[in-house]
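[1] Got a predicted structure here, sequence first:
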Amino acid sequence: MTCLKCGGPTVPLVRDGTTTNLCMACDTPNRNCTWCQVPMTKKLVGNGKFLHYICPKCIFQHTSKFSVS
């Protein structure tokens with residue numbers, strides 16, 4: 001399945017018995033590095049329960065809980 005906003009691929013996420021298709025580019029919040037202020041790369045980890053951000057410049061990493069609304 002493809003994202004209606006950007007045309008990118010979606011990832012099925014199953015939570016509490018329901019399946020939601022998420023686009024990695026559109027459906028996850030953007031975040032800038034705390035130190036460099038450059039946009040961080042992001043991906044879903046932990047079976048879609050966490051967002052993992054990595055700064056491409058200083059390799060700072062941050063993981064936060066992700067909830068599907």
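    Ah, there it is.

[2] how about the strands in this structure?
    For the chain, strands defined by DSSP state E occupy the ranges 10-15, 18-23, 41-45, 50-54, 61-65.

[3] Stretch 34-48: how far from the chain's middle?
    Computed by Cα atoms, centre = their mean, to the nearest Å, the chain-centroid distance of stretch 34-48 equals 7 Å.

[4] which residues sit against it?
    When contacts are defined by Cβ atoms under 8 Å, 6 or more residues apart in numbering, stretch 34-48 is touched by residues 11, 13-15, 22, 24, 28, 30-33, 50-58, 60, 62-63, 66, 68. For glycine as for every other residue, the C-beta is placed from the backbone atoms N, C-alpha and C.

[5] Please repeat the previous calculation with a cut-off of 6 Å.
    Defining contact as Cβ atoms under 6 Å, 6 or more residues apart in numbering, one finds that stretch 34-48 is touched by 13, 28, 31-33, 51-55, 57-58.

[6] that older thread, would a markdown table of the strands of the chain with mean neighbour count and distance to Met1 be doable?
    Shown next, in a markdown table, are the strands of the chain (neighbours: other Cβ atoms under 10 Å; distance: least, Cβ to Cβ, whole Å):
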| stretch | mean neighbour count | distance to Met1 |
| --- | --- | --- |
| strand 10-15 | 14 | 5 |
| strand 18-23 | 13 | 5 |
| strand 41-45 | 14 | 16 |
| strand 50-54 | 17 | 20 |
| strand 61-65 | 11 | 25 |
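
[7] is it possible to export the ones you listed to JSON lines including mean pLDDT and distance to Thr2?
    Formatted as JSON lines, those follow (pLDDT from 0 to 100; distance: least, Cβ to Cβ, whole Å):
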{"stretch": "strand 10-15", "mean pLDDT": "78", "distance to Thr2": "7"}
{"stretch": "strand 18-23", "mean pLDDT": "81", "distance to Thr2": "8"}
{"stretch": "strand 41-45", "mean pLDDT": "79", "distance to Thr2": "17"}
{"stretch": "strand 50-54", "mean pLDDT": "84", "distance to Thr2": "21"}
{"stretch": "strand 61-65", "mean pLDDT": "78", "distance to Thr2": "26"}
